[in-house]
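Asks: Give me the fold of what follows.
(chains A and B)
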Number of protein chains: 2
Amino acid sequence: MALNLVKQNKAFGGWVKQFSHTSKVLGDLEMKFSVFLPAQSENSKVPVVYYLSGLTCTDENFTTKAGAQRRAAELGFALVAPDTSPRGANIEGEDESYDFGSGAGFYVDATTDKWKKNYNMYSYVTDELPSLIASELPVDDSRKAVSGHSMGGHGSLITALKNPGMFKCATAFAPIANPMNCQWGQKAFTGYLGEDKSAWAKYDASELVKSYEGPQLPIFADQGLADNFYPDQLLSENFIEAAKTNDKVDVEFRFQEGYDHSYYTMATFIDDHLDFIAKHI
Amino acid sequence: MALNLVKQNKAFGGWVKQFSHTSKVLGDLEMKFSVFLPAQSENSKVPVVYYLSGLTCTDENFTTKAGAQRRAAELGFALVAPDTSPRGANIEGEDESYDFGSGAGFYVDATTDKWKKNYNMYSYVTDELPSLIASELPVDDSRKAVSGHSMGGHGSLITALKNPGMFKCATAFAPIANPMNCQWGQKAFTGYLGEDKSAWAKYDASELVKSYEGPQLPIFADQGLADNFYPDQLLSENFIEAAKTNDKVDVEFRFQEGYDHSYYTMATFIDDHLDFIAKHI
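Replies: Here you go, the predicted model:
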C-alpha cells in the first residue's frame, strides 16, 4: 500500500486515521493527511469531502477542532484533510513567515525557480491526493465535494472552479475570496508565481468565477462579521459580485453577526455545510 | 469584577470565554478557566456543568476538542472547564513529570509541606471556583452537575461523592476509579498526601462510594475497551463492584468496543452525557 498508517482513533462509530506517504508532485517529500471514515465505508464506498485548511494549520486542526465527524457519521461521508504545504523542503526562508512557505502553500503550483520543485499544492489536492485516496480508501471518487477555511476557503473555491465536474459542490468558511487584491494573496502569488498578474488570475476565485463553464456549480459560504480579517484580506463582496455575472454558479453567501475567524465559527456552522453537500453530492 | 476576560469567541449562538483570576486557595496564583455560556444565559440563569480535565490538560482541551458546546447550546447549559493544577507555583520538581505537579493536581488538597500551600485543587473546584462563578456569571448555582475525563473523571466522582447534594449527578469518561490501587494515584497521593493510606481513602471514588449518604446520586460513565490505560490505571470494575454495595448511588457504567483514551471518545459520547445530565439537573 502506498499509504502508511500513522495513527487511528475510533470516533462516532467510524475511524479517524492519519496517513503518511511520499508525494511526487511535491518533490518526493513525505506528507501527512487525516481522514474520517464512517462506519458505512466498511460495507460500501462512500462520498468524500475534501477539507482544505488555512494559514499555519496542519491536517489536524480541522480533524481535532471542527467537530465535523459527528454529522459526517450520520450522513455517511468520508472527510479528507490534507496538510497546508509541503514540509521539510529546506528552502531558505521557508519557515520565516506565517503567511508564506511552510503552512501557507496557498493551493497553487509554483512557477518561480525557488519554489517550483516543491510548492505544488494545487496539483497535490486536485490530482495526486484524490487519485491516491480513490485507489487506497473506500471512497466513491465520483461523489466528491470540497470545503475549506480562509486560505483553504480560497483553495476550495478555485479547485472547484478550475475543474468543472470534479466536485459536486464547494463550500467555504471565511474564504480569501479575491487574493490578487489583498496582502496575503499578493505576497503568496508574487513569491510562488512571480510578478505577472495574468498568472495570478488563474488562481483567484473572483476572476475564475466570471468564466466558469461546466455543470451547474453550487457554492455555499459563511463569513463572520467579527472576523479580524474581514473585509480587508477576505474581500467576500468582490466574489459575490463577480459570481452574479455567471449563471452557471449558484452562490449562497451568509454573513454571521458576532462570529470571528476561529474554529468556533466552523464548529458552529459545519453541520449546515455538510447538509448542503448532502443535497448536491 | 473578580474575573478578567482573557478572550472570547462566539459559538453556537452563545460565547466561549476564557477568564483569569487570582486564587486564594491556591496560594494567590493566577488561574485561568474557560466557560461556554449559551444564548439562554442572556435572559436567565442557566444550569451549569463543571468539566474536570485529565493529566497534562489545561482549561482549553475540553473547550476546543470535545465538541460539547453544540449540545450544551441546545440544552441551555453553561459549561465550566477549570485548569488541572496551579500554574507557576515554582516548586522544585513541579514540571518534571506529566503525572505529578503541573497539569496533574489530582483534585486533592495537599497536606505535605512542599505542596500544601498551592496544590489545593479540591477546594478550588468544589468551593472557590463555584462561588466565584455563581457570583459573577449568569448560572443557577442550585442546578449543577460535574463531569470529567481520566484524572478528571476521578475528580468528578469524588467531588460528587464527598459533597452530597452539591451536584445533581456526575458523569465520567475513563475515570481513574480507584486511585489508591494504581500507579498514577499512588504516586500522586504519596506526593500530595503523604504515606498514610487513610488520607488517600478520602479521595478514592471506590472507597467513598461505599459510605455515601445523601440525596440519590445518579452516575454515568463511559470506558473505552481499546484504552491503553484500561484496566491497570483505571480499575473501572473496582468502582462498579463497590457501588453495588450502596443503594444511594445509581451507576450506569458503559464499556465501548474499539474506543481509546483520546478526546475522540469524548466527542463521540459527550451528547449522551449531556442528555443524562439534562434528565437529572
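Asks: Which residue is it, in the stretch 101-250 of chain A, that comes closest to chain B?
Replies: Nearest residue of the stretch 101-250 of chain A to chain B, counting by Cβ to the nearest Cβ: A:Ala226, 6.7 Å away. Every C-beta, even on glycine, is put in place using the N, C-alpha and C of the backbone.
Asks: Now the residue most central in space within chain A: phi and psi?
Replies: Centroid check for chain A by Cα atoms, centre = their mean gives A:Leu52 as the closest residue, at 2.4 Å. Taking degrees, to the nearest 10, you get phi -100, psi 130 for the backbone angles of A:Leu52.
Asks: can you pull up the bridge partners for it?
Replies: A:Gly148 (DSSP bridges).
Asks: Identify the residues contacting it.
Replies: With contacts defined as Cβ atoms under 8 Å, 6 or more residues apart in numbering or on different chains, A:Leu52 is in contact with A:82, A:84, A:107, A:125, A:146-149, A:151-153, A:155-156, A:159.
Asks: hang on, the earlier thing: now for the closest residue to the residue of the stretch 101-250 of chain A closest to chain B other than its chain neighbours, how many residues are close by?
Replies: In space, and not counting its chain neighbours, A:Ala226 is closest to A:Asp260: 4.8 Å by Cβ to Cβ, 6 or more residues apart in numbering or on different chains. By other Cβ atoms under 10 Å in any protein chain shown, 21 other residues sit near A:Asp260.
Asks: Give the residue farthest from the middle of chain A.
Replies: Furthest out from the centre of chain A (Cα atoms, centre = their mean) sits A:Asn43, at 27.5 Å.
Asks: With chain B as the reference, measure out to it.
Replies: 17 Å (Cβ to the nearest Cβ, to the nearest Å).
Asks: swap in A:Ser20?
Replies: Distance, A:Ser20 to chain B, by Cβ to the nearest Cβ: 19 Å.
Asks: So what's the gap between stretch A:200-217 and the chain middle?
Replies: 16 Å (Cα atoms, centre = their mean, to the nearest Å).
Asks: likewise stretch A:38-53?
Replies: With Cα atoms, centre = their mean as the basis, stretch A:38-53 stands 16 Å off its chain's centre.
Asks: That stretch: end-to-end distance?
Replies: 21 Å (Cα to Cα, to the nearest Å).
Asks: Give me the buried positions along that stretch.
Replies: Neighbour-count burial for stretch A:38-53 flags A:Pro38, A:Gln40, A:Ser41, A:Lys45, A:Val46, A:Pro47, A:Val48, A:Val49, A:Tyr50, A:Tyr51, A:Leu52, A:Ser53 (criterion: 16 or more other Cβ atoms under 10 Å in any protein chain shown).
Asks: hang on, isn't the last one packed against A:Thr84?
Replies: Right, A:Ser53. Yes - using Cβ atoms under 8 Å, A:Ser53 is in contact with A:Thr84, at 5.1 Å.
Asks: what about the helices in chain A?
Replies: A:60-65, A:69-75, A:121-123, A:129-136, A:151-162, A:183-193, A:197-201, A:205-211, A:236-243, A:263-280 (DSSP state H).
Asks: ok, and the closest non-adjacent residue to A:Tyr259?
Replies: Leaving aside its sequence neighbours, A:Tyr259 sits nearest to A:Gly224 (Cβ to Cβ, 6+ apart; 3.2 Å).
Asks: how about that neighbour, what does it touch?
Replies: A:Gly224 touches A:Ala174, A:Tyr230, A:Phe255, A:Gln256, A:Gly258, A:Tyr259, A:Asp260, A:His261, A:Thr265, B:Lys10, counting by Cβ under 8 Å, 6+ apart.
Asks: So among these, which ones count as buried?
Replies: A:Ala174, A:Tyr230, A:Gln256, A:Tyr259, A:Asp260, A:His261, A:Thr265, B:Lys10.
Asks: Out of those, list just those in strands.
Replies: Among the buried ones among the contacts of A:Gly224, the members found in strands (DSSP state E) are A:Gln256, B:Lys10.
Asks: who touches both of A:Ser53 and A:Thr84?
Replies: Residues within reach of A:Ser53 and of A:Thr84 at once, by Cβ under 8 Å, 6+ apart, are A:Met151, A:Gly152.
Asks: just to revisit the earlier point, could I get the buried residues of stretch A:38-53 as a markdown table with distance to B:Glu74 and pLDDT?
Replies: Shown next, in a markdown table, are these (distance: Cβ to Cβ, whole Å; pLDDT from 0 to 100):
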| residue | distance to B:Glu74 | pLDDT |
| --- | --- | --- |
| A:Pro38 | 23 | 98 |
| A:Gln40 | 25 | 98 |
| A:Ser41 | 28 | 98 |
| A:Lys45 | 33 | 98 |
| A:Val46 | 27 | 98 |
| A:Pro47 | 27 | 98 |
| A:Val48 | 29 | 98 |
| A:Val49 | 24 | 98 |
| A:Tyr50 | 29 | 98 |
| A:Tyr51 | 25 | 98 |
| A:Leu52 | 29 | 98 |
| A:Ser53 | 27 | 98 |
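Asks: for the residue farthest from the centre of chain A, phi and psi?
Replies: Backbone torsions for A:Asn43, taken as degrees, to the nearest 10, come to phi -110, psi -20.
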